[in-house]
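[1] no letters, just coordinates:
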Ligand code: ATP
């Protein structure tokens, strides 16, 4: 689904990502964990075409992302649920969701959008209850669900999530991570970037550890959870 080889990327002359290689296969949850400033957001921005690579290759569904605009990458089925949610605060929940179905509507018409809307309401029952509420008045957890629902409205092949757990209570994080597992179980593919390493590794199939722009460890999620260096640095346990 996604293959990255020897990627360097950054801002101006600042190289943030150094020689990153990773892959995400169809049907997997892959997590990228790392501390503040490690370069996680930069990685997602580079995949989606907002930051241009300095070197290396990014291939999404065999398309060469170097040659695609951000819009083309999204149209090819790669979507990003950004950090901080960024829902449209002065629009209702339903208006936000319908907006997420814009590309789908152009391709398959209104009926497909309504079917997808129904699926999002089934995944996130609270969004149905609050369909007419302004998005800016939702709680943080509800806004995260809306941001996910809006991204999913386009029926993407790959969903990338940037720190969905930030600022949320543990019970809300649990609900959101349950939905991510359900998405995977229904055949979706997820790249999950998280500082909350324990929660992310406990639902992921595989993981990568990013430290100051370099991948320093990778492997099955259960191996990373059991790794002493990961435990010491990211799981708050000796
Ligand atoms: P966080 O968890 O805090 O979001 P992160 O792992 O996502 O951290 P990035 O946001 O990718 O890290 O930042 C990596 C580095 O790139 C940081 O040193 C940051 O200051 C720098 N950086 C990020 N965005 C820009 C930008 N637009 N221009 C210049 N430098 C940037």
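    Perfect, thanks for sending it. Remember, it's a predicted structure, so these values are computed and weren't measured experimentally. Residues are numbered from 1 along each chain as shown.
[2] tell me which residues touch the residue nearest the centre of the chain, please.
    Centroid-nearest residue in the chain, with CA atoms, centre = their mean: residue 161, separated by 1.6 Å. Residues in contact with residue 161 (CB atoms under 8 Å, 6 or more residues apart in numbering) are 80-81, 148, 180, 190-193. Glycine gets a C-beta too; all of them are placed from N, C-alpha and C.
[3] up against the ligand, what does this protein have?
    Residues of the chain found near the ligand (CB under 6 Å from any ligand atom) are 11, 14, 16, 34, 36-42, 83, 195.
[4] mind checking the SS state of residue 208?
    Three-state call for residue 208 (DSSP: H, G, I helix; E, B strand; the rest coil): strand.
[5] can you tell me how far the closest residue to residue 87 other than its chain neighbours is from the ligand?
    Closest residue to residue 87 apart from its sequence neighbours, by CB to CB, 6 or more residues apart in numbering: residue 135 at 4.2 Å. Here residue 135 is placed at a distance of 22 Å from the ligand (CB to the nearest ligand atom, to the nearest Å).
[6] got a list of what residue 135 touches?
    By CB under 8 Å, 6+ apart, the residues touching residue 135 are 87-93, 96, 143, 146.
[7] pull out the buried residues from these.
    The neighbour-count test (16 or more other CB atoms under 10 Å) marks 87, 92-93, 96, 143, 146 as buried among these.
[8] list just the nearest of the residues you listed to the ligand.
    Checking those against the ligand with CB to the nearest ligand atom, the nearest one is residue 143 at 17.5 Å.
[9] find me the pLDDT at the nearest residue to the closest one once chain neighbours are set aside, would you?
    Distance criterion CB to CB, 6+ apart; nearest residue to residue 143, sequence neighbours excluded, is residue 85 at 4.5 Å. Looking at residue 85, its pLDDT is 78.
[10] and for residue 170?
    Looking at residue 170, its pLDDT stands at 89.
[11] give me the neighbour count for it.
    Neighbours of residue 170 under the rule other CB atoms under 10 Å: 9.
[12] where does residue 216 land in three-state SS?
    Here residue 216 is strand, with the state taken from three-state DSSP.
[13] in this structure it contacts residue 227, no?
    No - Residue 216 is beyond contact range of residue 227, at 10.9 Å (criterion: CB atoms under 8 Å).
[14] what about those two, which has more around it?
    Neighbours per residue (other CB under 10 Å) separate residue 216 from residue 227, with residue 227 holding more: 18 against 14.
[15] surely that one meets residue 217?
    Yes - using CB under 8 Å, residue 227 is in contact with residue 217, at 6.8 Å.
[16] sorry, back to before: in TSV, list the contacts of residue 161 along with pLDDT.
    Conversion of the contacts of residue 161 to TSV gives the following (pLDDT from 0 to 100):
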residue	pLDDT
80	93
81	94
148	94
180	95
190	97
191	97
192	97
193	96
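[17] ranges for the helices of this structure?
    40-47, 70-75, 93-100, 102-108, 110-123, 125-129, 140-152, 170-185, 197-203, 221-226, 228-234 (DSSP state H).
[18] now those as JSON lines including distance to residue 30?
    Shown next, in JSON lines, are the helices of the chain (distance: least, CB to CB, whole Å):
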{"stretch": "helix 40-47", "distance to residue 30": "12"}
{"stretch": "helix 70-75", "distance to residue 30": "18"}
{"stretch": "helix 93-100", "distance to residue 30": "23"}
{"stretch": "helix 102-108", "distance to residue 30": "24"}
{"stretch": "helix 110-123", "distance to residue 30": "21"}
{"stretch": "helix 125-129", "distance to residue 30": "26"}
{"stretch": "helix 140-152", "distance to residue 30": "17"}
{"stretch": "helix 170-185", "distance to residue 30": "10"}
{"stretch": "helix 197-203", "distance to residue 30": "10"}
{"stretch": "helix 221-226", "distance to residue 30": "9"}
{"stretch": "helix 228-234", "distance to residue 30": "16"}
